[in-house]
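In: I would like to see how this sequence folds:
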Amino acid sequence: MTIHTLHDLISAPRVVIKVGSALLVQNGEARAEWIASLVAEIASMRSDGQHVIIVSSGAIALGAARLNLPKGGRANLADAQAAASVGQVALAQLWAQALGTHDLTAAQMLVTLDDLEDRRRYLNAAATLERLLEAGAVPVVNENDSVATEEIRFGDNDRLAARVAQAAQADGVLLLSDVDGLYDKLPSEEGAQLVPLVEGVTPEVIAMATDASSSGMGSGGMKAKLQAARIAERAGIALGIINGTDAAPIARLRESGTGTLFVPQRSDNARKAWLGGRQALEGVLTVDAGCAEALSGGASLLAAGLTEIEGEFERGALVSLHGPKGERLGQGLVEYSAAECTAILGLRESGQEAKLGYAPRAAVVHRDHMVRS
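Out: Numbering: from 1, shown residues only. Just a heads-up that it's a prediction; the model follows:
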């Protein structure tokens, strides 16, 4: 389905709805009436034959209140993990009870970054989501913050929602926020204008955003939402940001049409979309101007164009590809370890075997295992 407006998005056959902590929780307690209004809208969508997946924040906020932890459970990693352990139970009960009033079955899925970074585990998650939707359940997905660490985690549910949408082959992602959408500068600044439509997340668009999470409760901000939009658009998935503060936010959207819609400008195949959405980078390969131009034309990365290696990694690791001015060109799976890359830095094929001790591979990063930014 082609999505041209936010109305199209919320009417799409398969939609992921992300709900932030500030919308779900107030003063440590669930906003019961607000949740009931949203679930009624989800039930209506299900009655119309749509598949809906919920990506829900709130576990840490709910758990921190029950454990009386400072700073909303975010004072340190141990507090966050403990709060999440308690809050995940409460959050699952919350959604199960709310959906149950409409005879809908909630299905909890807790995932980690690794679950969606590893190809086999990603496909397993995709299969589970598909079967749940076929069976009529409403999957409720959250990052498993009880085991996630600072180094290995999504860090926000905006990007998680985009990755879940990829795995579920959704048509659209709807991020419920506490602002109306993307503004061309800080909404608090005089003259700030809402941007209703974004056709491709460019550096200029990213420059409009900040990292701030206005509630102080969640972990995302507008930059995280733009990163989510980039993940979604790579897979041909539309993404919308709307204000979810008021009751029945989807009905409000139908009436006002207010928000920001990100229209995808490309549709990579399933494997490249997965690769482009991966986040656990292990190194950086910097190339010269000639190589950067070749990469933009779809070529593989050859050792002759390498100028600098950063990080410690083994063959098969995910690395970021940068141009001579530090500009990000893309990312891919490297065919050599960091030490081997350093050994053949700048060498043509004829000079590589002596350094490696074996016949060189076809490329440092093959174009089939690379995605451009």
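
In: just the strands in the stretch 151-300 of the chain please.
Out: 172-177, 197-199, 238-243, 260-263, 283-287 (DSSP state E, counting those that start in this stretch).

In: Give me whichever of the ones you listed is most buried.
Out: Highest mean neighbour count of the strands of the stretch 151-300 of the chain: strand 172-177, a mean of 28 (counted as mean count of other CB atoms under 10 Å). Placement of C-beta: from N, CA and C, glycine included.

In: tilt between it and strand 238-243?
Out: Strand 172-177 and strand 238-243 meet at an angle of 20 degrees, taking axes from the mean of the first three to the mean of the last three CA atoms, to 10 degrees as the criterion.

In: Not counting its own residues, what contacts the helix-or-strand element of the chain with minimal mean pLDDT?
Out: Least confident helix or strand of the chain, by mean pLDDT, DSSP states H and E, is helix 203-206 with a mean of 88. Outside of helix 203-206, the residues within contact range by CB atoms under 8 Å, 6 or more residues apart in numbering are 182, 195, 198, 223, 226.

In: could you flag which of those residues are buried?
Out: Applying 16 or more other CB atoms under 10 Å to the contacts of helix 203-206, the neighbour count classes 182, 195, 198, 223, 226 as buried.

In: which residues sit in contact with the residue lying closest to the fourth one once chain neighbours are set aside?
Out: In space, and not counting its chain neighbours, residue 223 is closest to residue 209: 4.6 Å by CB to CB, 6 or more residues apart in numbering. Taking CB under 8 Å, 6+ apart as the definition of contact, the neighbours of residue 209 are 182, 221-223, 225-226.

In: and residue 294, what does it touch?
Out: residue 305.

In: rerun at 10 Å
Out: By CB atoms under 10 Å, 6 or more residues apart in numbering, residue 294 lies in contact with 287-288, 300-302, 305, 367.

In: Among these, which pair sits farthest apart?
Out: Farthest pair in these (CB to CB) is 288 and 367. Separation: 17.6 Å.

In: which residues of the stretch 151-300 of the chain fall in helices?
Out: Taking DSSP state H, counting those that start in this stretch as the criterion, the stretch 151-300 of the chain carries its helices at 157-168, 203-206, 222-234, 249-256, 270-277, 289-296.

In: CA-only coordinates of the second one in CSV, if you can.
Out: Coordinates of each C-alpha in helix 203-206 appear next as CSV, following Å, rounded to 0.1, in the frame of the first residue of the first chain:
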residue,chain,number,x,y,z
PRO,A,203,21.2,16.0,7.1
GLU,A,204,19.2,19.2,6.8
VAL,A,205,16.2,17.4,8.4
ILE,A,206,18.3,15.9,11.1
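
In: gap between the residue nearest the centre of the chain and residue 258?
Out: Centroid check for the chain by CA atoms, centre = their mean gives residue 159 as the closest residue, at 1.8 Å. Distance of residue 159 to residue 258, given as CB to CB, to the nearest Å: 24 Å.

In: count of residues packed around residue 193?
Out: Neighbourhood size, residue 193 [other CB atoms under 10 Å]: 10.
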